[in-house]
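Enquirer: Coordinates for the following, if possible.
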Amino acid sequence: MRRLITRFLAASFLDSAFGHGADGRPLFMPFGLIGGQYAIPDMATAQRLRRGVARLLPLALLPIFCLFALFLPPLRNAYALPLLGAMAASFALFSITFFLWVRHATRGLHRVDRGEQGIPALLDPDEALARRLLDRVRPPRTRSAEETLGALAGFACQMLLRHRAEQEGTAAPLIEVATHDGRLRYFGDALNGLLAEYPGSLWAGVGDGKPQLLLGPIFREMTDACVGDSRDYADMIGLLQRHWSATALILRGQGVDIERWPDLFVRALREQVQDSGDTSLRPALLFMRAAIAMSKMDPAEILVPDQPAGDPLRRSRPTSRTAP
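Expert: A predicted model of the protein is given here:
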């Protein structure tokens, strides 16, 4: 119970510092509605700000724990004054530290005018959509929510690269490899970046700050599996084929830009971890294993029948081809 309460307080503290304006722009709101609000220009900045807020969390919880202690009669009777003093001191320390950090962290960020910001959507604006995505992939619908979300996220990373290339009128930064039986698989540094190397990558969102080296064996395993006859790999393809089309319809129907799709699957995994109480690295590794595997899939094998010809969600030409 104590762990659940702490996790709830931590999530509330983090989420309350972020929101969206009336125009949909993501905002950093360190003091809620009463203070300055700053436009977040990119995912790397958002990750930096979230990490900074998370580091200040222990200081924010200190006065709360002192307050809780005052509700326990034995502690209140014996240590009322020391607890009050500790609560005041810890609150002052947190306030000063947080104020100084905000001044440093928001340098260079555009402060949003109150006239143009509208009423921000408090807490996490993506929570309801992430919950909807999660509910669609929970067992018994799938064998694993973590695996299905990972498969969707990994394939979304490839689709995002194709979308960007389509917008720019260039070839997608992918290396196409033909297997002996004629299937196509896709690789590339840009794809690996979205999966695990860039600041806003999937691993940055789910890996809890753990090193990328942990993913080395998974990359090797899935690289071999995607060109072989692994039954497990075939099962993951089946998962993606069953869930991609419907999921894409939901996200497009909600007006969600494809740039945000991978982050939404990461958010859905966080909701799953919060619900399950599994604080180990296992959910993240299951997620990443499926993401790495399905990031290499040929879009022609993942049917999206409602897409018009030429849509970036279909296959676009890679930068190079390789035969076995």
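Enquirer: In space, what's closest to Asp232 - neighbours in sequence excluded?
Expert: Leaving aside its sequence neighbours, Asp232 sits nearest to Ala225 (Cβ to Cβ, 6 or more residues apart in numbering; 7.1 Å). Every residue, glycine included, has its C-beta placed from N, CA and C.
Enquirer: how close does that neighbour sit to Leu281?
Expert: Taking Cβ to Cβ, to the nearest Å as the measure, Ala225 falls 21 Å from Leu281.
Enquirer: More neighbours: which of these two?
Expert: Shown here are Ala225 and Leu281; by other Cβ atoms under 10 Å, Ala225 has more neighbours (19 against 14).
Enquirer: In contact with that one, which residues?
Expert: With contacts defined as Cβ atoms under 8 Å, 6 or more residues apart in numbering, the neighbours of Ala225 are Asp232, Tyr233, Ala293.
Enquirer: Give the PyMOL command for selecting the buried subset of the residues you listed.
Expert: Those of the contacts of Ala225 that count as buried under 16 or more other Cβ atoms under 10 Å are selected in PyMOL with:
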select buried, resi 233+293
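Enquirer: of all the contacts of Ala225, which comes closest to Leu195?
Expert: Leu195 lies nearest to Ala293 out of the contacts of Ala225, by Cβ to Cβ, at 10.6 Å.
Enquirer: so the closest one sits in a helix?
Expert: Yes - applying DSSP: H, G, I helix; E, B strand; the rest coil, one finds Ala293 inside a helix.
Enquirer: tell me which residues of stretch 88-106 are tucked away?
Expert: So for stretch 88-106, counting by 16+ other Cβ under 10 Å, buried means Ser90, Phe91, Phe94, Phe98, Val102, Ala105, Thr106.
Enquirer: could you show me where the helices are in the stretch 51-200 of the chain, in order?
Expert: 57-70, 73-105, 114-117, 127-137, 145-168, 189-192 (DSSP state H, counting those that start in this stretch).
Enquirer: picking that back up, switch the buried residues of stretch 88-106 over to a markdown table; also include distance to Phe187 and pLDDT.
Expert: Compiled in a markdown table, these are given as follows (distance: Cβ to Cβ, whole Å; pLDDT from 0 to 100):
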| residue | distance to Phe187 | pLDDT |
| --- | --- | --- |
| Ser90 | 51 | 84 |
| Phe91 | 52 | 85 |
| Phe94 | 47 | 84 |
| Phe98 | 44 | 86 |
| Val102 | 42 | 88 |
| Ala105 | 37 | 87 |
| Thr106 | 39 | 87 |
